[in-house]
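Asker: got a structure for you, letters missing:
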């Protein structure tokens with residue numbers, strides 16, 4: 001029996017990427033595409049290649065939420081998603097940041113709005129599948145930067161000195177979303193590399209919530225469409241960092257710990273739902289360097305959302321995912 005599926009915010013980058021994976025999923029049946037801006041338009045309004053697939057037309061996000069689907073992927077903005085009233089007996093995967101933080105007061109500081117449903121945050125499980133799989137039907141999908149940092153650091157959290165941790169991360173421009181803004185204009189991004197939200201990015205408390213301590217985190221905007229690379233600098237307090245990473249990802253079909261001396265690269269993860277990790281030692285300082293590469297729209301958003309949905313529904317974890325590619 002197929003799992004009926006709705007996508008809210010289906011016209012944005014993460015919504016379109018989620019749609020792509022839902023269409024490739026052997027057990028998902030799409031019944032509603034939500035978009036307030038495209039309601040009433042055919043599914044091919046955003047991408048004409050979809051016109052021949054016989055997909056349902058866009059409806060409003062409220063209509064898509066009420067469509068009676070077994071699973072709902074929420075790809076709305078943070079504040080809109082925070083007001084969401086999940087349907088009963090439905091798995092909901094929220095790709096926004098609206099349910100990632102346990103402390104409702106933190107939303108005012110980090111997201112700029114007062115959470116409208118603070119008493120219900122405890123009902124959402126924050127799920128990085130390799131570290132903490134979903135614990136219920138309401139799933140807070142992690143942010144892209146947080147995913148990369150946590151894959152690199154969480155298995156090492158009790159073997160490194162917290163005050164030493166620096167996360168230097170860089171993402172493609174699609175991480176800023178489809179909404180037009182001056183900072184994502186081609187004339188600003190091309191031939192440039194820009195740090196932004198320095199010391200105030202909303203993924204910072206998300207990382208600290210999982211690790212149990214704050215880190216120094218600086219994001220940068222890369223002049224590429226997609227892909228994310230996080231270089232994490234740490235001072236070890238235990239000698240077995242490599243063994244800890246090997247144990248964490250030995251059976252993972254999604255996260256690959258690369259052979260010693262091999263560096264993660266965007267080109268191998270772009271367009272996929274996979275992640276690459278590598279550990280290096282700094283000869284001069286004795287610090288360790290952990291690098292993670294992933295696609296901000298794949299493992300950093302839609303791919304991880306489908307992976308979480310599969311686990312919540314008891315399906316094959318990698319169903320519908322893109323896990324390999326060929327370099328060109």
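Answerer: Cool, got the structure. As the structure is a prediction and not an experimental result, all values here were calculated from the model.
Asker: just the strands in the stretch 101-250 of the chain please.
Answerer: Along the stretch 101-250 of the chain, counting by DSSP state E, counting those that start in this stretch, strands occupy 125-126, 138-140, 166-171, 194-195, 216-221, 228-234.
Asker: Which one, of these, ends up nearest to residue 109?
Answerer: strand 216-221 (15.1 Å; Cβ to Cβ). For the C-beta atoms, the positions are set from N, CA and C on the backbone; glycine is no exception.
Asker: residues in contact with that closest one?
Answerer: By Cβ atoms under 8 Å, 6 or more residues apart in numbering, the residues outside strand 216-221 that reach it are 145, 149, 165-171, 173, 175-176, 183-184, 189, 192-199, 201, 203-204, 207.
Asker: so who does the residue of the chain most remote from its centre touch?
Answerer: Going by Cα atoms, centre = their mean, the residue of the chain most distant from its centre is residue 284, 34.1 Å out. Under the criterion of Cβ under 8 Å, 6+ apart, residue 284 has no neighbours.
Asker: Let me know the average pLDDT across stretch 191-210.
Answerer: Mean per-residue pLDDT for stretch 191-210: 93.
Asker: Return the distance of the closest residue to residue 167 other than its chain neighbours relative to residue 259.
Answerer: Distances taken as Cβ to Cβ, 6 or more residues apart in numbering place residue 217 nearest to residue 167, at 4.4 Å, with adjacent residues excluded. According to Cβ to Cβ, to the nearest Å, residue 217 stands 28 Å off from residue 259.
Asker: just residue 106 next, same as before
Answerer: As judged by Cβ to Cβ, residue 106 and residue 259 stand 39 Å apart.
Asker: For the two, indicate the residue with more neighbours.
Answerer: Neighbour count, other Cβ atoms under 10 Å: between residue 106 and residue 259, residue 106 has more, with 17 against 7.
Asker: pLDDT score for the more buried one?
Answerer: So residue 106 comes in at 97 (pLDDT).
Asker: just checking, it touches residue 205?
Answerer: Yes - the pair residue 106 / residue 205 is scored as a contact, 5.5 Å apart, by Cβ atoms under 8 Å.
Asker: Can you classify residue 291 as helix, strand or coil?
Answerer: Look at residue 291: counting by DSSP: H, G, I helix; E, B strand; the rest coil, its state is strand.
Asker: no no, residue 32
Answerer: Following three-state DSSP, residue 32 is assigned to strand.
Asker: A strand includes residue 17, no?
Answerer: No - assigned with three-state DSSP, residue 17 falls outside any strand and is helix.
Asker: mind checking how far it is from residue 223?
Answerer: 20 Å.
Asker: higher neighbour count, these two?
Answerer: residue 17 (27 against 14).
Asker: Check what pLDDT that one gets.
Answerer: As predicted, residue 17 sits at a pLDDT of 96.
Asker: before we move on, what about residue 2?
Answerer: 96.
Asker: Over to residue 178?
Answerer: Note for residue 178: predicted pLDDT of 53.
Asker: Equivalent analysis for residue 326, please.
Answerer: If you check residue 326, the pLDDT there is 53.
Asker: Could you check how far the residue nearest to residue 167 is from residue 233?
Answerer: Distance of residue 217 to residue 233, given as Cβ to Cβ: 11 Å.
Asker: got any residues that touch both of the two?
Answerer: In contact with both residue 217 and residue 233: residue 166, using Cβ under 8 Å, 6+ apart.
Asker: Looking at these two, which is more packed in?
Answerer: Neighbour totals were compared for residue 217 and residue 233, and residue 217 leads with 26 against 18 (other Cβ under 10 Å).
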